[in-house]
Every structure is written in structure tokens, then in C-alpha cells.
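Peer 1: structure, please.
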Amino acid sequence: MARKHKLEEIIGKLREAEIVLSQGGTVADACRRIGVTEQSYYRWRKEYGGLKMDQARRMKELEKENARLRRAVSDLTLDKLILQEASRGSRRRAHAQTSEPCAPTALYRSYPGNDAGVRAAGVPCAWTTSIDTAQNAARGR
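Peer 2: Numbers count the residues shown, from 1 in each chain. Model (predicted):
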């Protein structure tokens, strides 16, 4: 089973590997001496290379805070979407309780044998007309 190294151990092992490399050793020798694979060494060097202990601790703290803030944003976004959906539902119920008929929010084109007309939100059914009729009237037909 893989061993989880602590931040202090990682930085210490990277420094030890740098010493071996500066004395003319190979990366394989340095990895063997610190007891990790070359893959771990390169991953650690990429993430922690050149950092001092206090800088590495600060980076870890910032990563934890960033994760916490991301969770908070996602929770708030979800709450906002739920509230928006609930407010849409309450508006629909309010329209259903009025005596004036409510037109759908979509526009319709009439086809032969279909008397569906243009219907915009908030326009009573008596005010609707087909797109074809409105276009013909605009052209003067």
C-alpha cells in the first residue's frame, strides 16, 4: 500500500535529492536514496520544487480554503436555482387564479385547417391573430 508522505517529509526528501544530484548522481540514484519512485519525485518537484516549508504550508492552507469556498459557491448557486424555480411556480399559480385568460408564451404559425394564432405572454386570446393574417395585412392584401 502506498504511503502518504507529509509535506515536511516531501520537502526534506526533495532537498536531499537535490544534494545527490549536485554531487553528480543520477535521478535514479537520488530516488533510490530518498525511497520514492521517479514518478513521485518528478510530481513532487513540479508541485513543491523551490518552495520553502512556510510557503508550502501556506499553499496547502490556500488550497483548503479554495475548496471550502468552491463548495459554498456551489451550495449558494443551487439555492438560487431552487428559489428561482419556486418563484416561477408561484407566478404560474397566480395567473391560474385570475379570471382573465392567459395566453401561452410561444408564437404559433397557422396552417391550413389550423386556427392557432400568434399568442404572446399576457395577451388575451381575443387579441391574437395568425402570423399569416398579420403579414398579409402589412403587405396590403
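Peer 1: SS state for Glu65?
Peer 2: Under DSSP: H, G, I helix; E, B strand; the rest coil, Glu65 falls in the helix class.
Peer 1: for Val36, that is, sorry about that
Peer 2: coil.
Peer 1: touching, it and Leu14? I think so.
Peer 2: No. Between Val36 and Leu14 there is no contact under Cβ atoms under 8 Å: 9.8 Å. For glycine as for every other residue, the C-beta is placed from the backbone atoms N, C-alpha and C.
Peer 1: find residues that contact each of these two.
Peer 2: Listed as contacting both Val36 and Leu14 by Cβ atoms under 8 Å, 6 or more residues apart in numbering are Trp44.
Peer 1: count of neighbours near Cys31?
Peer 2: As a burial measure, Cys31 scores 20 neighbours (other Cβ atoms under 10 Å).
Peer 1: ugh, wrong one, Lys46
Peer 2: Neighbours of Lys46 using other Cβ under 10 Å come to 8.
Peer 1: measure it to Ser40 for me?
Peer 2: 11 Å (Cβ to Cβ, to the nearest Å).
Peer 1: neighbours around the spatially closest residue to Lys13 that is not a sequence neighbour, how many?
Peer 2: Counting by Cβ to Cβ, 6 or more residues apart in numbering, Ile34 is the residue found nearest to Lys13 once chain neighbours are left out, at 4.2 Å. Using other Cβ under 10 Å, Ile34 has 19 neighbouring residues.
Peer 1: next one, pLDDT for Ile34 please.
Peer 2: Ile34 is assigned a pLDDT of 93 by the prediction.
Peer 1: same deal with Gly113?
Peer 2: 55.
Peer 1: can you check Met53 too?
Peer 2: 85.
Peer 1: the closest residue to it other than its chain neighbours: what's it in contact with?
Peer 2: The shortest distance from Met53 to any non-neighbouring residue, by Cβ to Cβ, 6+ apart, is to Ile11 (5.8 Å). With contact set as Cβ under 8 Å, 6+ apart, Ile11 has these partners: Tyr48, Leu51, Lys52, Met53, Ala56.
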